[in-house]
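Undergrad: what follows is a predicted structure for the sequence shown.
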Amino acid sequence: MSKLFTVAIYLPDKVNLYHYAIISSLLSTKFEGRTLFSLLRFSDKSPVVTTDPDVQITALTDWKEIQTADAIVVPSWTDLDVPPSPQLQELIRSFNKENKWLIGACFGAYALAYSGVLNGKNCCTHWSAEEDFSKEFPYCSLKKNVIYVQDDNILTSAGASATVDCILHFIRIIYSATVANKLAKILAIPLIREGAQDQFLDYAKPKIVNALPALIKFMEQKPPSDLTVDVMMQKSFLSRRSFTRKFKALTGTTFEVWYRKIRLRTACELLETTELPIETVAERSGYKSPISFRQQFKQQFNSTPSEWRKAKRRQLLVSDLQ
C-alpha cells in the first residue's frame, strides 16, 4: 500500500487558532470518503501547545517522524521579531534541500524567510507586514497585494481567507483540479482564486444589482471560445467603465485573468475525468486552437495536458488504494 501524503503542521506557542483550524480542517476533509492527507502536529517547545484564544493541542516533540513527512506548514508566526529556533530552521532548510513542500501561511512566511529558504524566491505575506518584511528580508522577492505565491516547492499566503485558496491550490497540485474544485464546492467557494488576485476587495460598494453575477456563473460552467469584454458588456447591459468596476468587485481580478482561469480549470477537469482527445478538451474548454491551449497549459502548470492527465489519474488511483 502506498504511503499517504503526510503534512506536518508546526505549532508555535500562542498560534492563532483560526489560522491553524483553516489549514487542519481543509487537509482533513475527505474526498468521496477517502482520506487525502496524513496530518502531524509538532512543536519544539512543549507536547501541549496553547493557541490564541486558549485551546490546547497535543503536538509531537520527537521529530523523527516529522522528518519523514512530505510537507511542512507554518500556519502563522506569533512574534515577527523572533526567529525560529535553530532546530526548526535546520528542519525547514533540510526539507527545502530535498525539494519537499514548504507552506508559510500569513505571517508564517517569516519562519521560512528567517530560515533562508526564501532568498531569491517570490513570496508574499499579510499586507500589514509587507513593509517590515521587505526591510527584514531584502533578499526575498516580496510580491505585494496578492493572495498567495508559489515558487517551486514553496507556497506563501497573505492571510486567513487567502490561506483557504493557497491550501486548495496545494491540493490541486498534489491530487487534481477535480478534487480541489469539489472540496471548494463543499466550502461554498465558486472558484479557487488564483494567487495574483487582489488582497483588497471592496465588498461594501458598488451595490451590484444587474445581470453580471448570473452571467459570470453561467459562463464559468462552459466557457465559450469567442468570449470577450465586449460580449460580456452587451449581455450584462453595462458600459465598459461600469463593467470593469463591477467585474473586479465580483471576481477580484480582470476579465482576461478570469477567462484564462475558467478555461484552464475546465480543461483540468476534462483531462482528469474523461478520455477525450486533447483537441476536444481544448475546444470544450473554450480554445479555438489546440496549440494555444497547450501553450497556456504548459505556462500555467509546467506540464503538458497529456502529462497532467497521466499524473492526476495515477494520484487518484493511489488515493483509491489507501
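TA: Looks like it came in fine. Numbers count the residues shown, from 1 in each chain.
Undergrad: any idea how this structure splits into domains?
TA: Per the record, the chain has its domains at 6-186, 212-251, 257-320, by automatic domain parsing.
Undergrad: and Ala211, what is it in contact with?
TA: Residues near Ala211 by Cβ atoms under 8 Å, 6 or more residues apart in numbering: 235-237. Where C-beta positions appear, they are placed from N, C-alpha and C, glycine not excepted.
Undergrad: picking up where we left off before, need the domains of the chain in CSV (columns: mean neighbour count and mean pLDDT).
TA: Listed next are the domains of the chain as CSV, based on neighbours: other Cβ atoms under 10 Å; pLDDT from 0 to 100:
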stretch, mean neighbour count, mean pLDDT
domain 6-186, 19, 92
domain 212-251, 15, 80
domain 257-320, 17, 84
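Undergrad: what does the helix or strand encompassing Ala21 contact?
TA: Per DSSP states H and E: Ala21 is located in helix 17-28. Contact with helix 17-28 is made by 7, 9, 11, 36-37, 39, 51-53, 55, 57, 73, 75-76, 105-106, 108, 160, 163-164, 167-168, 171, 183, as judged by Cβ under 8 Å, 6+ apart.
Undergrad: at 6 Å what do you get?
TA: Identification of contacts with helix 17-28 by Cβ atoms under 6 Å, 6 or more residues apart in numbering yields 7, 37, 39, 51, 53, 55, 73, 75-76, 106, 160, 163, 167.
Undergrad: got it, and stretch 216-228?
TA: Contacts for stretch 216-228 (Cβ under 6 Å, 6+ apart): 262-263, 286, 288.
Undergrad: which strands or helices does the longest helix seen in the chain pack on?
TA: Taking DSSP state H as the criterion, the chain has its longest helix at helix 255-273. Packed against helix 255-273, as judged by 3 or more Cβ pairs under 6 Å, 6 or more residues apart in numbering; DSSP states H and E, are the following elements: helix 177-186, helix 278-284, helix 305-320.
Undergrad: try it again with 7 Å
TA: Where contact means 3 or more Cβ pairs under 7 Å, 6 or more residues apart in numbering; DSSP states H and E, helix 255-273 is packed against helix 177-186, helix 278-284, helix 290-301, helix 305-320.
Undergrad: now those in CSV, with distance to His126?
TA: Shown next, in CSV, are those (distance: least, Cβ to Cβ, whole Å):
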stretch, distance to His126
helix 177-186, 22
helix 278-284, 38
helix 290-301, 26
helix 305-320, 31
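Undergrad: so of the contacts of helix 17-28, which ones are in helices?
TA: 160, 163, 167.
Undergrad: now do the SS call for Leu80.
TA: coil (DSSP: H, G, I helix; E, B strand; the rest coil).
Undergrad: meant to ask about Thr156
TA: strand.
Undergrad: quick one: it and Thr125 touch, right?
TA: Yes: the criterion here is Cβ atoms under 7 Å, and Thr156 meets it with Thr125 at 6.5 Å.
Undergrad: mind listing what the residue nearest the centre of the chain touches?
TA: When Cα atoms, centre = their mean is applied to the chain, the residue found nearest the centroid is Cys166 (2.2 Å). Neighbour list for Cys166: 105, 148, 155, 157 [criterion: Cβ atoms under 7 Å, 6 or more residues apart in numbering].
Undergrad: got a list of what the third one touches?
TA: Residues in contact with Leu155 (Cβ under 7 Å, 6+ apart) are 103, 148, 166, 170.
Undergrad: hmm, 10 Å instead?
TA: 71, 73, 101-105, 109, 112, 123-124, 148-149, 163, 166-167, 169-170, 173, 195 (Cβ atoms under 10 Å, 6 or more residues apart in numbering).
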